[in-house]
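Structure for this input, please:
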Amino acid sequence: MPVTDFTPALALFNFLPVALTGLALWFLARYVADQDPAGQGLAWLGGGLILAGGLAKASWKLIATTTGLDLVWLANALFPLMAPGFALLALALWGAVRHQRGRRIPAGRWWLGLTVMLIAFAAAALRQWVLEIPRGWFLPLLILASLGNLTTSLLLIGLSLRLRRWGQAVLFTVNLLMIFALQPIAMITPKSLALHWTEQSLTALGMAALALAAYRLWRQAGSDRPPGLTDRDISAADT
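Next up, the predicted model:
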C-alpha cells in the first residue's frame, strides 16, 4: 500500500509507539545514569538517535497523508539514525548491567561503538556507491540496528531474571516477541489498511511493555542504592 493510501488517523496513531519509545528510552537512560554515570552519554545519545529515527518515519507518513508530499529522505532517515542509536544504547546498558552486578566496566566503550558504526556505514557506502546495489545502504544498517536491539533486549531480560524480577522479565520479553512478530508482517506487500493497523498496534503494545519494564527497572535499581549515595559518590568510587 502506498503511503498516500494511509488514513490521517493511522498516520497520527504512528506517533503513539514513538512516544512510548521515547518514554522507555528516558527511563533506560536514567537507569544507566544511576548505575554508570560515565556511560550515560552513550545512553542519551543512543536514545536520542532512536527517537529521532522514529519521529522522522512517523512525520513522513503524516506529511504524505495530509499533503501528498512524499519526502523520501525523511522516510529513509529511520535506519541511519536508529542503527547507531541501538548500538550506543546496547553499549551503555552493557556497562550499567556490569556495574550493577559488581563487575569492572572496560574502558574504551566509545571507541568500540565508533568502530562498529564505522564498519556498518562503510559497508553501506560500499554497497550503495561502489557496487551500485539498489538501496545497498539498507542491509548493513538493518543488521546493526537489529543486533543492537536484540542485545539490548537480552541484557535487560537477563538482568531481570538474575534479580528474580519475573514481571519485569516478562514485560521485556513481550517487547522482544513483538519485534519478532513484526518481521513477517513487514515483509508482506502490499499491505491492507487493516494489516497496517495491526502492525502499528503490535508495535505500540511492545513499546508500552518496554516503557513499563524500563520504569520498573529504573525505580527498583534506585531503591537498591544505599541511602544517601549519589551519582557523584558512585563516580568517585569507580575512579
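
what are the ranges of the helices in this structure?
8-13, 15-35, 40-67, 72-76, 78-100, 109-125, 138-162, 166-186, 193-223, 231-238 (DSSP state H).

Can you give me the buried ones in the first one?
Of the residues in helix 8-13, those buried by neighbour count under the rule 16 or more other CB atoms under 10 Å are Leu10, Ala11, Phe13. C-beta: built from backbone N, CA, C; applies to glycine.

ok, so of those residues, who is nearest Met187?
Leu10 (19.4 Å; CB to CB).

Give me the distance between the closest one and Asp70.
16 Å (CB to CB, to the nearest Å).

What of Val18?
Using CB to CB, Val18 is found at 20 Å from Asp70.

who's more crowded, the two?
For the pair Val18 and Asp70, the greater number of neighbours falls to Val18 (22 against 13), based on other CB atoms under 10 Å.

That one - nearest residue in space that isn't next to it in sequence?
Gly54 (4.1 Å; CB to CB, 6 or more residues apart in numbering).

Could you pull up the residues touching that neighbour?
For Gly54, the contact set (CB atoms under 8 Å, 6 or more residues apart in numbering) comprises Pro17, Val18, Thr21, Gly22, Leu78, Met82.

Tell me where this structure is predicted with low confidence.
In the prediction, the chain carries residues with pLDDT under 70 at positions 1-5, 222-239.

thought Gly85 was touching Ala43?
No: using CB atoms under 8 Å, Gly85 makes no contact with Ala43, being 10.3 Å away.

And the furthest pair within the contacts of Gly54?
Maximum distance among the contacts of Gly54 (CB to CB): 15.0 Å, for Gly22 and Leu78.

between those two, which one's more packed in?
Leu78 (22 against 17).

shouldn't that one be in contact with Gly53?
Yes: contact criterion CB under 8 Å: Leu78 and Gly53 qualify, at 4.7 Å.

Just give the number of residues close to Thr173.
Thr173 has 17 neighbouring residues, counting by other CB under 10 Å.

Quick one: residues in contact with stretch 73-88.
3, 42-43, 45-54, 56-57, 59-60, 63, 113, 116-117, 120, 137-138, 141-142, 144-145, 147-149, 152.

hmm, try it at 7 Å
42, 45-47, 49-50, 52-53, 56-57, 59-60, 113, 116-117, 120, 138, 141-142, 144-145, 148-149, 152 (CB atoms under 7 Å, 6 or more residues apart in numbering).

Could I get the contacting residues of the residue lying closest to Leu177 once chain neighbours are set aside?
Excluding its sequence neighbours, the residue lying closest to Leu177 (CB to CB, 6+ apart) is Gly206, at 7.7 Å. Residues near Gly206 by CB under 7 Å, 6+ apart: Val174, Asn175, Met178, Ile179.

Can you tell me how far the last one is from Leu74?
Plainly put, Ile179 is 23 Å away from Leu74 if you go by CB to CB.

And for the second one?
From Asn175 across to Leu74, the span is 26 Å (CB to CB).

For these two, indicate the residue with more neighbours.
Of the pair Asn175 and Leu74, Asn175 is the one with more neighbours under other CB under 10 Å, namely 24 against 18.

surely that one meets Ala209?
Yes: using CB atoms under 7 Å, Asn175 is in contact with Ala209, at 4.7 Å.

between the helices of the chain, which gets nearest to Leu131?
helix 109-125 (10.0 Å).
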